[in-house]
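# What follows is a predicted structure for the sequence shown.
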Amino acid sequence: MFTGKMQRTLCILCAIALAAVLLTGCAGQQEDVIKLGANLEMTGNNATFGQSAANGTKLAIKEVNAKGGLLGKQLTLVIADNKSEAAEAANAMQKLITQDKVVAVIAPIASSSVIAGSQVNIDNKVLAISPTASNPKVTVDPDSGKVREYLFRAAFIDPFQGAVMANFANTSLHAKTAALYIENSSDYAKGLGQFFKETFLKNGGTIVAEEAYLAKDTDFKATLTKIKANQPDVVFVPGYYQEVGMVIKQAREMGLTVPILGGDGWDSAKLPEIAGAAALNNTFFANHYSPDDNSPAIATFVESYKKEYGQTPDAFAALAYDAAMMVMEAMKRANSADPVKIKDELAKTKNYAAVSGVITLNETHDAVKSAVIIEMKDGKQTFKEKINP
């Protein structure tokens, strides 16, 4: 049995211990850092995209920290791997926001993964900005028609990208007929195919074949045989580099030599490894930037990135760098790390001089900016032309 004196002593000791715990917790919440999150494809089918985006994001944060950080604090990056899967992207977003307590998130590369995690951002009032997700559904709910208040992107959207490639096919390649070969499991590919088709038809062209494949397919010969039989002037393949590389390789082996076109999902150093350098000749794709562009901003970025990582930055690195810089600039303008205030300032972004071009976010949080056409020559990307919005 405890005496009254002993009970009082125990109560005092418990109170002291509780106070210590509370003080420790408060101290943890008052860390001298600001946490940004990155929900990226670090493994899985789109790992090269996510790894480039992580590098671009880290470089942006490093440069801001070297200049003193923001709001008197240094910034730190918390990366969550979504494994290139939409369901995992939702889980990763939940972890970053509710457990890691980040103030903003660099969202996934793939449109479907951004959409999968979007409700987490909305419910918790923490913004996500994707470097590259280009499907219109990312920022606008197709059911309600309303803008997703906490979703943004640093990329142009598929209607622009699809129109750019259709116009290029018509005007630069003088194509009158086209075949579409689309990854049927991808919102990105289906949307891009739709907008290419609409513009190509509007320009007086004819779609002579429409075929589909699924992610992780490896044998495309039967469908390519059908496409070849229709003798299109060009073939539009708006998928991701893994399957696109095999499609192009097999198409060339079958004697399908016409120009093959695509979108920014082609942008990977692994594309030539998969397709073969020679097979990629006479192929073109839309992209957000080219390291060969003579812009001073691009030259500075490429030099810094090469110094940091020993390689030339692709578009995913450049756009993630831009996305991170846009968030930090919004934080600076807001003079606050409050997630809602950051979101409000980010929505006001106008004429921001980014690496990938001058960016204005419109009323649907989409980046209005230029596009470039990349031509593959002997396995290397070459700058073909720039298209303004």
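Alright, I've got the coordinates.
# Distance of the closest residue to residue 141 other than its chain neighbours relative to residue 316?
Of all residues not flanking residue 141 in the chain, residue 148 sits nearest, at 5.9 Å (Cβ to Cβ, 6 or more residues apart in numbering). (C-beta placed from N, C-alpha, C; glycine too.) The gap separating residue 148 from residue 316 is 22 Å, by Cβ to Cβ, to the nearest Å.
# Between the two, tell me which one has more neighbours.
Under the criterion of other Cβ atoms under 10 Å, the comparison of residue 148 against residue 316 puts residue 316 first, with 29 against 21.
# element containing that one?
helix 315-334 (DSSP states H and E).
# Quick check: next helix or strand after that helix?
Toward the C-terminal end, the helix or strand that comes next after helix 315-334 (DSSP H and E) is helix 339-346.
# Measure how far that following helix is from the centre of its chain, please.
Going by Cα atoms, centre = their mean, to the nearest Å, the spacing between the C-alpha centre of helix 339-346 and its chain's C-alpha centre is 20 Å.
# can you list the residues that contact that helix?
103-104, 125-127, 129, 149-150, 152, 326-327, 330-331, 333-334, 336, 361 (Cβ atoms under 8 Å, 6 or more residues apart in numbering).
# what about the nearest residue to residue 274 once chain neighbours are set aside, distance to residue 315?
Computed as Cβ to Cβ, 6+ apart, the closest residue to residue 274 that is not its neighbour in sequence is residue 245, at 2.8 Å. Distance of residue 245 to residue 315, given as Cβ to Cβ: 17 Å.
# And the two? Which one has more around it.
residue 315 (28 against 22).
# who touches that one in this structure?
Contacts of residue 315 (Cβ under 8 Å, 6+ apart): 132, 264, 267, 287-289, 356.
# Mind giving me the PyMOL command for buried ones among those?
In PyMOL, this line selects whichever of the contacts of residue 315 come out buried by 16 or more other Cβ atoms under 10 Å:
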select buried, resi 132+264+267+287+288+289+356
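# Mind checking which of the contacts of residue 315 land in strands?
Among the contacts of residue 315, the subset assigned to strands under DSSP state E consists of residue 287.
# Pretty sure residue 94 sits against residue 120.
Yes - if you go by Cβ atoms under 8 Å, residue 94 and residue 120 touch, sitting 5.2 Å apart.
# which of the two has more neighbours?
residue 120 (23 against 17).
# hang on, the earlier thing: please identify which pair of the contacts of residue 315 lies farthest apart.
267 and 356 (12.0 Å; Cβ to Cβ).
# Where do the helices of the stretch 201-350 of the chain begin and end?
221-229, 241-253, 271-275, 296-309, 315-334, 339-346 (DSSP state H, counting those that start in this stretch).
# Now the element after the last one, going C-ward?
Put plainly, it is helix 339-346. strand 352-354.
# Show me what that following strand is packed up against.
helix 315-334, strand 357-361 (3 or more Cβ pairs under 8 Å, 6 or more residues apart in numbering; DSSP states H and E).
# so which of those is the most packed in?
Of all these, helix 315-334 carries the top mean neighbour count, a mean of 26, counting by mean count of other Cβ atoms under 10 Å.
# would you turn the helices of the stretch 201-350 of the chain into TSV with distance to residue 67 and mean pLDDT?
Shown next, in TSV, are the helices of the stretch 201-350 of the chain (distance: least, Cβ to Cβ, whole Å; pLDDT from 0 to 100):
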stretch	distance to residue 67	mean pLDDT
helix 221-229	52	98
helix 241-253	35	97
helix 271-275	36	97
helix 296-309	13	96
helix 315-334	11	97
helix 339-346	19	98
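# In the protein, which residue is most central in space?
For the chain, residue 132 is the residue whose C-alpha lies nearest the centre (Cα atoms, centre = their mean; 2.6 Å).
# per-residue confidence at it?
Residue 132 carries a pLDDT value of 93.
# and what of residue 385?
Note on residue 385: pLDDT of 89.
# for residue 43, same thing?
Listed pLDDT for residue 43 reads 97.
# Surely it and residue 80 touch.
No - assessed by Cβ under 8 Å, residue 43 is found out of contact with residue 80, at 11.5 Å.
# These two: which is more packed in?
residue 80 (24 against 15).
# Give me the nearest residue to that one, chain neighbours excluded.
residue 92 is the one closest to residue 80 (Cβ to Cβ, 6+ apart), at 3.7 Å.
# helix or strand for that neighbour, which one?
Take DSSP H and E as the rule and residue 92 turns out to sit in helix 86-94.
# and the next element down the chain from that helix?
strand 105-106.
# in its sheet, what does that following strand sit against?
strand 33-40 (parallel), strand 128-130 (parallel) (DSSP bridges).
# Packed most tightly, which of those would that be?
strand 128-130 (a mean of 30).
# Quick check: what element follows that one along the chain?
From strand 128-130 onward toward the C-terminus, using DSSP H and E, the following helix or strand is strand 151-153.
# How far does the one helix or strand residue 200 maps to sit from its chain's centre?
Assessed by DSSP H and E, residue 200 sits inside helix 187-202. Put simply, helix 187-202 sits 19 Å off its chain's centre (Cα atoms, centre = their mean).
# model confidence over it, on average?
94.
# quick revisit: is it true that the residue nearest to residue 141 touches residue 140?
Yes - using Cβ under 8 Å, residue 148 is in contact with residue 140, at 6.7 Å.
# what about residue 149, how many neighbours?
So residue 149, with other Cβ under 10 Å, has 16 neighbours.
# Contact partners for it?
122, 343.
# now the helix holding residue 92, how far from the chain's geometric center?
The answer for helix 86-94 is 15 Å, by Cα atoms, centre = their mean.
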